[in-house]
Structures are given as structure tokens and as C-alpha cells.
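Enquirer: coords below, sequence missing:
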């Protein structure tokens with residue numbers, strides 16, 4: 001049985017809600033300026049925690065996106081997804097009608113889901129008993145409900161899915177949505193990731209793993225990918241949602257096109273529950289897989305938006321993977337980590353960074369790696385330290401790597417019209 005003819009897929013809408021800005025333009029402008037969105041935790045009293053900093057989304061009002069009576073019926077990760085999806089759909093100008101709704105789908109994942117609600121309702125259960133548990137508890141926090149709520153909001157009746165692949169979630173959602181359109185199962189998809197776990201249990205859990213930065217006295221400098229003084233990642237929250245369409249459909253309705261998605265790869269480390277394969281083999285294989293899917297040679301890639309979390313092991317594993325996948329060309333391409341500004345949005349990271357990659361191609365500007373003052377000896381690539389810069393970018397790639405060895409890579413091409 002032969003595979004169906006692959007249809008071309010383009011990005012027509014972006015919705016970014018991040019620690020550096022509520023809105024796509026706000027987020028992009030902050031990244032280019034070199035702003036950092038990391039500061040002391042305000043969601044709870046973190047005085048007793050080793051890590052007391054996070055990338056919180058400021059100035060986000062859920063009431064801007066859903067009725068007041070509905071806000072308490074769903075977790076913050078759903079609110080952020082609804083906000084980002086509204087931004088993306090408004091940006092795309094895509095209308096879901098009776099004529100197309102069965103061909104418009106949603107693929108929005110979360111790495112953890114509604115942990116704030118789980119913590120809150122558990123406290124209520126322990127203090128006041130089972131009769132005080134809300135009937136909305138389960139639908140307020142399960143991982144697929146961001147996708148479910150977005151599909152209900154817009155009336156999208158096409159494929160509906162919600163990956164949960166740890167920190168690769170958002171990228172997998174965009175990549176899987178790309179496949180749904182490529183293979184003819186949908187004509188448009190609303191896709192990405194969302195996460196909101198700046199909570200006591202989350203910060204305590206990642207802290208117990210010694211995964212978090214404890215540079216509490218300098219929060220804006222705590223996320224420092226590839227720097228010799230990095231000491232862990234910073235938990236962030238937010239959502240990144242993209243609207244994907246067939247090229248034919250986008251042209252028919254005169255949509256503005258950011259870029260074209262041309263390649264998607266997946267691989268597994270099969271190495272450790274939380275640590276990456278230190279050789280970078282899994283990272284190299286997933287980038288090669290995306291290149292093969294796109295029909296591109298390594299020399300075609302001009303820029304990589306790296307996973308780059310600011311962990312001692314992960315940063316070097318990614319550099320090693322890039323060197324294996326790209327050979328001598330690794331020293332000719334540019335690579336940066338926007339997590340230096342936003343922190344690590346976990347399941348939302350891949351969605352946010354796919355959106356950032358689309359903006360890189362649209363604006364021909366590279367966002368910087370902040371706080372890169374003393375690069376690790378192995379990190380001898382062009383890592384765009386500290387300042388954004390203009391660049392000619394025809395093809396760009398973004399990586400995401402998750403606990404359990406889940407690796408994903410996505411390649412986009414500049415749109416020339």
C-alpha cells in the first residue's frame with residue numbers, strides 16, 4: 001500500500017503566551033531586546049525551597065478569554081491554551097464554519113496538566129472530606145482538556161489529540177498536526193503545547209532531582225545554556241499555539257503565511273528515565289530523521305532553536321548531537337536557546353519554540369542565548385551569545401527532548417510568497 005501524496009503545510013497563525021510577554025508580538029519583541037522573564041516565585045511562598053525562582057506569565061487575565069463562571073471549572077494550563085489559541089486564530093483569520101469544521105482539528109498537549117488543581121483539590125479532600133470535591137475536578141485537570149476546550153471554543157470537529165511526551169509534548173503536537181494535514185486527514189489544525197506548574201509540588205519534585213537552578217539572587221541570569229556556570233533549568237509556564245493549513249487552502253483565502261513546515265523527526269534514547277544519552281546519539285538521530293523527511297542535506301540548515309535547558313548534561317548532549325548530525329556544517333550554522341529568556345516551559349516549550357522559529361524565518365532575525373558569558377569548552381559553535389542579530393535564514397530547525405528519552409525535531413522553510 002502506497003502512502004498518500006503529501007500535501008504542503010504552512011503556518012498562518014501564531015499565539016504565544018510566555019514569561020516575557022502575553023501575545024505573539026510582545027513575546028517576540030522581548031526576545032529580540034534580550035529581556036528575561038524569570039524572577040522570584042509569586043504563586044506561593046517558596047522561602048523553604050532550594051529553588052525560589054520561575055518564569056511566570058505576568059498580566060494574563062483568564063477573564064479575557066472565558067466567562068468568569070467558567071474560570072474555576074478549569075486549570076490554568078487550559079486558560080493559557082485558550083488565550084494562545086485565540087491569539088493564533090485571530091492572527092490567522094481562520095473562520096470555522098459549518099462548511100469546514102469537520103476538516104479543522106486540534107492537537108494541543110501538556111507535559112503534566114492540571115497540577116495546581118490536583119494540589120488544591122487534594123488539600124480540600126484531606127481537610128473537608130470527599131463531599132467537598134468539585135464535580136468539575138476531573139475535567140478541569142486532565143491533559144487532553146486543553147485540546148478539548150479549544151475544539152469546543154471554535155467548533156473544530158476534525159482530529160482531536162493531546163500528546164504527553166514530557167518536554168517534547170509541544171513539538172510533537174505541532175509535528176503530529178503537520179502529519180494530519182500532510183496525509184489528508186485535516187485541512188487545518190490548531191496545534192501546540194501548554195503548561196502551568198509553578199506549584200509547590202512541581203518545584204519540590206524537580207528540586208529533589210537537583211534539576212533546577214538555585215541562582216535565586218540573580219533570577220534573570222539563572223537560565224544560562226552552555227555557560228560553564230549553569231546549574232540547572234528554571235521552570236516556566238505559558239502556551240504556544242500555531243495554526244497550520246494546507247498551502248492550497250491558505251492561498252485560496254489569501255492568508256498571510258509565516259513559513260512552511262517541511263520536516264518532522266522522532267527518536268528514542270532508550271537510555272535513562274530522566275538523563276539524556278550523553279553521547280548525543282538520540283539527538284543526532286532525530287535531527288537526521290527530520291532532514292530526511294524534509295529531503296534536505298545538513299548544509300541546508302541555517303539556524304537551530306535548541307532545546308538548551310541550562311542543565312550540565314543536557315546542553316552538552318545536544319551540542320554533541322548537532323556535531324554528529326551536521327559534521328563540519330555545525331560550525332557554519334547558528335544555534336541559540338530562547339529558554340535563557342523564558343525558562344523551560346516543559347510541555348509547552350516545543351509549541352512556544354516552534355512559534356519562535358516561524359518568527360525567525362519571517363523576520364530574518366536570530367534571538368540570543370542570554371547569559372552566555374563563559375561557554376563550555378565543547379560548546380564551541382555559534383550560539384548567538386547575549387544579543388539578537390539579523391541573519392539570512394532559509395531553513396531552520398527546532399529540537400525538543402523529554403524525560404524517558406523522547407526526542408523530536410521540526411524543520412521549517414522561509415516563505416517567499
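Expert: Yep, that arrived. Being a predicted model, the structure only gives us computed values, none of them experimental. Numbering: from 1, shown residues only.
Enquirer: Every contact and neighbour count from this point should use C-alpha atoms.
Expert: OK.
Enquirer: per-domain residue ranges of this protein.
Expert: Domain ranges of the chain: 10-252, 263-414, per automatic domain parsing.
Enquirer: With mean neighbour count and mean pLDDT as new columns, can those domains be given to me in CSV?
Expert: Formatted as CSV, these follow (neighbours: other Cα atoms under 10 Å; pLDDT from 0 to 100):
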stretch, mean neighbour count, mean pLDDT
domain 10-252, 22, 98
domain 263-414, 23, 98
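Enquirer: which residues sit against stretch 304-318?
Expert: By Cα atoms under 8 Å, 6 or more residues apart in numbering, the surrounding residues in contact with stretch 304-318 are 211, 223-227, 230-233, 275-280, 283, 333-340, 343-344, 353, 357, 378-379, 396-401.
Enquirer: 7 Å instead, please
Expert: Residues from elsewhere that reach stretch 304-318 (Cα atoms under 7 Å, 6 or more residues apart in numbering): 223-226, 230-233, 276-280, 283, 334-337, 339, 344, 357, 396-401.
Enquirer: what's the single longest helix in the protein?
Expert: Counting residues, the longest helix found in the chain (DSSP state H) is helix 76-92.
Enquirer: hey, where'd the helices end up in the stretch 1-150 of the chain?
Expert: 24-33, 68-71, 76-92, 115-128, 137-141, 145-154 (DSSP state H, counting those that start in this stretch).
Enquirer: I'd like to know which of these lies nearest to residue 61.
Expert: helix 76-92 (8.8 Å; Cα to Cα).
Enquirer: could you give the angle of that closest one to helix 145-154?
Expert: When axes from the mean of the first three to the mean of the last three Cα atoms, to 10 degrees is applied, the directions of helix 76-92 and helix 145-154 differ by 40 degrees.
Enquirer: where's helix 76-92 relative to the chain centroid, distance-wise?
Expert: Distance of helix 76-92 from its chain centroid, counting by Cα atoms, centre = their mean, to the nearest Å, is 14 Å.
Enquirer: which residues are contacting it?
Expert: Helix 76-92 is contacted by residues 12-17, 23, 62, 65, 113-114, 146, 150, 194-196, 238-243, 255 when judged by Cα under 7 Å, 6+ apart.
Enquirer: Quote the end-to-end distance of stretch 41-57.
Expert: By Cα to Cα, to the nearest Å, the extent of stretch 41-57 from end to end equals 11 Å.
Enquirer: May I have the beta-bridge partners of the nearest residue to residue 301 once chain neighbours are set aside?
Expert: Leaving out its chain neighbours, the residue that sits closest to residue 301 by Cα to Cα, 6 or more residues apart in numbering is residue 395, at 5.0 Å. Beta bridges link residue 395 to residue 413, judged by DSSP bridges.
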